[in-house]
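In: need the 3D shape of this:
(chains A and B)
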Amino acid sequence: MTNQATTNERLSALMDGELDNAQAQAVISELLQSGEMQTAWYEWHMQQDSQHGHPLLSPDFMAAFTSRLHAEPVVVAPQRLRRARPVRRLLVPLTAAASVAFIGVALWQGLYRPLTPAPAPLAVVSEPVVTAQVDPEAVRAYLSAHREAANSPLSAAEPMQLAFQPEAAH
Amino acid sequence: MDSPMQNPPSARDADALLVERAQSGDQRAFELLVVKYQRRIARLLSRLIRDPAEIEDVTQEAFIKAYRALANFRGESAFYTWLYRIALNTAKNHLQAQGRRPSLVGDVADEDGETLDAAALVPDYHTPETELANRQIVSTVNEAVSDLPEELRTAITLREMEGLSYEEIASMMDCPIGTVRSRIFRAREAIAARLRPLLSAVGRDKRW
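Out: Numbers count the residues shown, from 1 in each chain, chains lettered A, B, ... in the order given. Okay, here's the model as predicted:
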């Protein structure tokens, strides 16, 4: 069998939906380039139509159509959706599952929290709160030492303002 | 070559692939779809429109509308199902624009166009010239099929008339799938060889 016959046999199988995806893609690429294969495509579909009772159109139908088609702007559809579909197929159930899980957890927390014994209210402490006793001079000395250790461009001797006003030691 | 094969794991039909190519800007791919479906669409429209020249005009218009809408076709239905709807709407709009009421002649029950009744096999919308050419082609194809060696005739008939897959045909004919594929191809080639002289004389589209 010649190469062309082999190729046309694959074209015949393509018409019948009997090629896997990779083979079909390859044959379509060849078909779009080969006048001989396109003639076979035309003749074989005419045979099929004839066997199914779909009759001929006038001999200039395709010539007229092609000239109209070439006057049309070329269609270029975004290929995105087709490629994104597998990802979307995966993401949709995942996000749905995540939403359901979140709602479930929220409901569980909302519904079942009262079943756990609530901690007793804290007793009011009458003892006065002890506030920190900070000596501003000690803080300044600490920060100056820190600047020196960190090689800060600021002079260790440069006066600094504390951002808080520590209470004077009682 | 005739080793047993299973059905392709991810068989892709040619329509889907041609649509993808056309959507990527290859107009030739769309032309090949038109070559495939022109007669089926014209047959469908002949149920709404009687005038032969008008049928061809509306058929062309339907394909142009399909091309313009192609970017929106996402393959959620078969290409022919989508095309069928566009063709019917185009015909209805055409008739309404002319102040005529769409009315079906005969049955257009099925979107795949395969359920037309037996009377539909007789062309009813052709000019005398194209009708004659059509009858010659039908008769030549029928003769060519009858003259095929039995194994080729059986394979092509089971495929074209019964719509069986290669695997089913292989099972019925008790042979490998590769043999079925080869027989169907050889049958198509033999029929085409008988058709070519006739097409040159009367019916081959000037574009092809």
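
In: please identify the helix or strand for residue 37.
Out: Let's take chain A. Assigned by DSSP states H and E, residue A:37 falls within helix A:35-51.

In: to clarify, I was referring to chain B.
Out: Residue B:37 belongs to helix B:27-45, assigned by DSSP H and E.

In: repeat for residue B:63
Out: helix B:52-69.

In: any part of that helix near chain A?
Out: Yes - using Cβ under 8 Å from any Cβ of the partner chain, helix B:52-69 reaches chain A at B:56, B:59-60, B:63-64, B:67-68. The way it works is simple: take the backbone N, C-alpha and C, and place the C-beta from them, glycine included.

In: quick one on the thing from earlier: can I have the helix holding residue B:37 written out in CSV, keeping just the CAs?
Out: The C-alpha trace of helix B:27-45 is given here as CSV (Å, rounded to 0.1, in the frame of the first residue of the first chain):
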residue,chain,number,x,y,z
GLN,B,27,-11.3,28.8,7.3
ARG,B,28,-10.4,25.7,5.3
ALA,B,29,-11.5,23.6,8.3
PHE,B,30,-14.9,25.2,8.2
GLU,B,31,-15.2,24.6,4.5
LEU,B,32,-14.6,20.9,5.1
LEU,B,33,-17.5,20.9,7.6
VAL,B,34,-19.6,22.6,4.9
VAL,B,35,-18.6,20.0,2.4
LYS,B,36,-19.8,17.4,4.9
TYR,B,37,-23.1,18.9,5.8
GLN,B,38,-24.2,21.0,2.8
ARG,B,39,-26.6,18.4,1.5
ARG,B,40,-28.1,17.5,4.8
ILE,B,41,-28.8,21.1,5.6
ALA,B,42,-30.3,21.7,2.1
ARG,B,43,-32.5,18.6,2.6
LEU,B,44,-33.6,20.0,5.9
LEU,B,45,-34.5,23.4,4.5
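
In: against which helices or strands is that helix packed?
Out: Packing partners of helix B:27-45 (3 or more Cβ pairs under 8 Å, 6 or more residues apart in numbering or on different chains; DSSP states H and E): helix A:21-33, helix A:35-51, helix A:61-70, helix B:14-23, helix B:52-69, helix B:79-97.

In: ok, and the closest non-adjacent residue to residue B:71?
Out: Among residues not flanking residue B:71 along the chain, residue A:77 sits closest, at 3.8 Å (Cβ to Cβ, 6 or more residues apart in numbering or on different chains).

In: I'd say the one you found and residue B:19 touch.
Out: No - applying Cβ atoms under 8 Å, one finds residue A:77 not in contact with residue B:19, separated by 9.2 Å.

In: between the two, which contacts overlap?
Out: Listed as contacting both residue A:77 and residue B:19 by Cβ atoms under 8 Å, 6 or more residues apart in numbering or on different chains are B:70, B:73.

In: more neighbours: which of these two?
Out: Between residue A:77 and residue B:19, residue B:19 has the larger neighbour count (other Cβ atoms under 10 Å in any protein chain shown), namely 21 against 18.

In: tell me the spacing between the nearest residue to that one once chain neighbours are set aside and residue B:23.
Out: The shortest distance from residue B:19 to any non-neighbouring residue, by Cβ to Cβ, 6+ apart, is to residue B:79 (5.6 Å). From residue B:79 over to residue B:23 the distance is 11 Å, taken as Cβ to Cβ, to the nearest Å.

In: need the overlap of contacts for the two.
Out: The overlap between the contact sets of residue B:79 and residue B:23 (Cβ under 8 Å, 6+ apart) consists of residue B:73.

In: mind listing what's buried along the lowest-mean-pLDDT helix or strand in chain B?
Out: Least confident helix or strand of chain B, by mean pLDDT, DSSP states H and E, is helix B:128-146 with a mean of 87. Using 16 or more other Cβ atoms under 10 Å in any protein chain shown as the test for burial, helix B:128-146 gives B:130-131, B:133-134, B:136-138, B:140-141, B:144-145.

In: helices or strands next to that helix in the packing?
Out: Partner elements for helix B:128-146 (3+ Cβ pairs under 8 Å, 6+ apart): helix A:35-51, helix B:150-160, helix B:177-198.

In: so residue A:27 sits against residue A:19, correct?
Out: Yes - shown here, residue A:27 and residue A:19 form a contact pair, counting by Cβ under 8 Å, at 6.4 Å.

In: higher neighbour count, these two?
Out: The neighbour comparison of residue A:27 against residue A:19 (other Cβ under 10 Å) goes to residue A:19, with 26 against 23.

In: of all the helices and strands packed on helix B:128-146, which one is nearest residue B:45?
Out: Nearest of those to residue B:45, taken as Cβ to Cβ: helix A:35-51 at 14.7 Å.

In: alpha carbons of that closest one, as PDB, please.
Out: C-alpha atoms of helix A:35-51 as PDB (Å, rounded to 0.1, in the frame of the first residue of the first chain):
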ATOM      1  CA  GLY A  35      -5.600  18.600  -1.800                       C
ATOM      2  CA  GLU A  36      -5.700  14.900  -2.500                       C
ATOM      3  CA  MET A  37      -7.200  14.100   0.900                       C
ATOM      4  CA  GLN A  38      -9.700  16.900   0.600                       C
ATOM      5  CA  THR A  39     -10.800  15.400  -2.700                       C
ATOM      6  CA  ALA A  40     -11.300  12.100  -1.000                       C
ATOM      7  CA  TRP A  41     -13.200  13.900   1.800                       C
ATOM      8  CA  TYR A  42     -15.500  15.500  -0.800                       C
ATOM      9  CA  GLU A  43     -16.100  12.300  -2.800                       C
ATOM     10  CA  TRP A  44     -16.700  10.000   0.200                       C
ATOM     11  CA  HIS A  45     -19.200  12.400   1.800                       C
ATOM     12  CA  MET A  46     -21.000  12.600  -1.500                       C
ATOM     13  CA  GLN A  47     -21.200   8.800  -1.500                       C
ATOM     14  CA  GLN A  48     -22.500   8.800   2.000                       C
ATOM     15  CA  ASP A  49     -25.100  11.500   1.200                       C
ATOM     16  CA  SER A  50     -26.100   9.600  -1.900                       C
ATOM     17  CA  GLN A  51     -26.600   6.400   0.100                       C
END
